[in-house]
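> the following block contains a protein sequence and its predicted model.
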Amino acid sequence: MFDDDRLPPLNASAMVLRFGIIGAVLACSVGAFAYTGGWLSPDRLTPARIVAGFEQASGSHPGFRRNHAKGLCATGTFESRGAAAQISKAALFAPGRVPLVARVAFAGGMPFVQDTPAQVRSLALRFLPEGRQEWRTGMINIPVFPVTTVRDFYDQAQAMLPDPATGKPDPAKMQAFVASHPGFAAAGALIGRRQITSGFADTTYNAIHTFRFVAADGAVTPVRWSAVPLDPVVPADATGSGADPNALFDALIARAASRPVQWRLMLTLGQPDDTIDPSKPWAPDRRQVEAGLVTLDRVVAEDGGPCTDVTYDPLVLPDGIESSGDEILAARSSTYARSLRLRDGEQGQKARSAVTPREVVGRGRQ
């Protein structure tokens, strides 16, 4: 566990450097954690205003997602072990196999960004039990969210806005934000210590938020979950991705063509008094349950792919899983919907995705 009192003092320049990655996570990679209308009245920071802010930061890219813009679709299955059925009555946790549609992506609003290992990666899953309620979840490869509330998110995003004169954040503004948000430094230390792996297939993805699992007898358990890879973890090459602008995606395409990519879906069971604050970890001794195995056996280009018109809204939940009341969940839901409406109206303007169908087929044959 991280102790705030152990943080060394930072000057303003070092602080901006140290927390730059956190700013990227907030301003670009987890941009869907935005605001629903009226929460901060009279400011009225609506999803429309937040989406406009993402476009200001990343440029206008009609037809693309405003966040997690560069990605691939995939299809596969979830095979339940039956262990999670003890804590949730959701049908998909009964022993058996259900189909799923996934999306693997980089965080951020730039659909043609060059692949680099340090970019925040995401794995989104849509579980589709036949004739039953579906479940959608989005996970990223950081252990916690850097801030606690929607208000914190807004304050941090303002602090990280580039100064027009320098093109970089103002160190004084960032220093003031950190001083007024003591939990930010602790979350930043956890994020900074995360392991950066060689590719999508050997990455652990975390859902970050807390949910309530409801059992058949009505018992409620707070739960967080992660997708833990079966592939051996290989540290990223510090030299980056080289000349191939789609290096990590191309590696995933080739990998999936040779054998399925798999993760264990691990549930961490909380105690009734555990925090729902997404910026704070739970105690490491919390019990874990392996809910089942996620298998992706086919990678598909996003242009015309099965995940293209899907929002991985974290509040699309089956009976047996409920929101914890974390306000950021509702904000994500409303902003995803706004982004989808815009994309639907822009399809005639959309450029080809960075990873094309031809590239998927060609790399898969190697």
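Noted; the coordinates are in hand. Numbers count the residues shown, from 1 in each chain.
> quick one: secondary structure of the residue lying closest to Ser323 once chain neighbours are set aside?
Of all residues not flanking Ser323 in the chain, Leu329 sits nearest, at 5.4 Å (Cβ to Cβ, 6 or more residues apart in numbering). Placement of C-beta: from N, CA and C, glycine included. Reduced to three states with DSSP: H, G, I helix; E, B strand; the rest coil, the structure at Leu329 is helix.
> now do Leu329 against Val113, distance only.
27 Å (Cβ to Cβ, to the nearest Å).
> neighbour count winner among the two?
Applying other Cβ atoms under 10 Å to Leu329 and Val113 shows that Leu329 carries more neighbours, namely 20 against 17.
> check contacts around the residue lying closest to Ala354 once chain neighbours are set aside.
Excluding the flanking residues, the one nearest Ala354 by Cβ to Cβ, 6+ apart is Phe112, at 4.9 Å. Phe112 is in contact with Lys70, Pro245, Ala354, counting by Cβ atoms under 8 Å, 6 or more residues apart in numbering.
> now do Thr221
Residues in contact with Thr221 (Cβ under 8 Å, 6+ apart) are Ile87, Ser88, Arg212, Phe213, Ala215, Leu269, Gly270.
> which of these tops the neighbour count?
Neighbour counts for these peak at Ser88, which has 26 neighbours (criterion: other Cβ under 10 Å).
> isn't it right up against Glu322?
No - using Cβ atoms under 8 Å as the test, Ser88 is too far from Glu322 to be in contact (9.7 Å).
> which residues do the two both contact?
Phe213, Val214.
> on that earlier part again, Ile208: which of the contacts of Phe112 is nearest?
Nearest to Ile208 out of the contacts of Phe112 is Lys70 (Cβ to Cβ; 20.7 Å).
> among the helices and strands of the chain, which has the poorest mean pLDDT?
helix 12-18 (a mean of 43; mean pLDDT, DSSP states H and E).
> select, from the contacts of Thr221, the two members most distant in space.
Using Cβ to Cβ, the contacts of Thr221 span at most 14.4 Å, a distance reached by Ala215 and Gly270.
> hang on, the earlier thing: which ones are touching the residue nearest to Ser323?
Counting by Cβ under 8 Å, 6+ apart, Leu329 touches His209, Pro314, Leu315, Ser323.
> from those, which land in strands?
In strands, defined here by DSSP state E, the members of the contacts of Leu329 are Ser323.
> adding neighbour count and distance to Phe64, write the contacts of Leu329 out as JSON lines.
Output for these, formatted as JSON lines (neighbours: other Cβ atoms under 10 Å; distance: Cβ to Cβ, whole Å):
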{"residue": "His209", "neighbour count": "23", "distance to Phe64": "25"}
{"residue": "Pro314", "neighbour count": "26", "distance to Phe64": "20"}
{"residue": "Leu315", "neighbour count": "15", "distance to Phe64": "23"}
{"residue": "Ser323", "neighbour count": "17", "distance to Phe64": "28"}
